[in-house]
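Novice: need a 3D model of the sequence below.
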Amino acid sequence: MPDTNIFTPQATEDGSFTFFCEEIGEAFHSSQGAKQEAQLKFVEPCQLATKAQQPIVRILDVCYGLGYNSASALERIWASNPYCQVELVALELNPAVPRAAIAYDLLRSWSPP
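Specialist: Residues are numbered from 1 along each chain as shown. Reported below is the predicted structural model:
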């Protein structure tokens with residue numbers, strides 16, 4: 001289990017969770033919605049529903065964090081084209097962040113592949 005003094009799950013207005021980091025005194029995502037933020041700031045600007053019409057989509061997720069951008073991207077792509085192949089490269093400087101997200105099951109609100 002992750003150190004809860006470092007990453008504390010915090011509910012957001014859309015029902016998804018983010019982490020509040022005591023060390024820096026900030027949440028990882030908007031209090032209005034972590035899932036909503038991934039949609040508005042990653043999925044929509046990348047036009048993934050349109051790109052999913054191609055046979056292969058390549059995604060680079062820099063600062064993977066809790067995995068919300070990647071999860072939202074995969075959900076949108078496969079909702080638009082379930083046959084689309086996805087090549088995903090996700091980079092994260094602090095592996096404790098995604099490990100904590102897994103331990104707290106924070107991706108449960110996304111559709112499974």
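
Novice: ok, longest helix in this structure?
Specialist: Of all the segments of type helix in the chain, defined by DSSP state H, the longest one is helix 68-80.

Novice: quick check: mean pLDDT across that helix?
Specialist: What helix 68-80 shows for mean pLDDT is 96.

Novice: now stretch 41-52
Specialist: pLDDT averaged over stretch 41-52 gives 96.

Novice: tell me the secondary structure at the residue lying closest to residue 70 once chain neighbours are set aside.
Specialist: Excluding the flanking residues, the one nearest residue 70 by CB to CB, 6 or more residues apart in numbering is residue 61, at 4.8 Å. The way it works is simple: take the backbone N, C-alpha and C, and place the C-beta from them, glycine included. Residue 61 falls in the strand class when you classify it by DSSP: H, G, I helix; E, B strand; the rest coil.

Novice: burial of residue 61, as a residue count?
Specialist: 18 (other CB atoms under 10 Å).

Novice: so where's the protein uncertain?
Specialist: Scanning the chain for pLDDT under 70 picks out the ranges 1-5, 113.

Novice: ranges for the strands of it?
Specialist: Using DSSP state E, the strands of the chain run over residues 7-11, 17-21, 26-27, 56-62, 85-91.

Novice: quick one: neighbours of residue 96, just the number.
Specialist: Other residues lying near residue 96 total 13 when counted by other CB under 10 Å.
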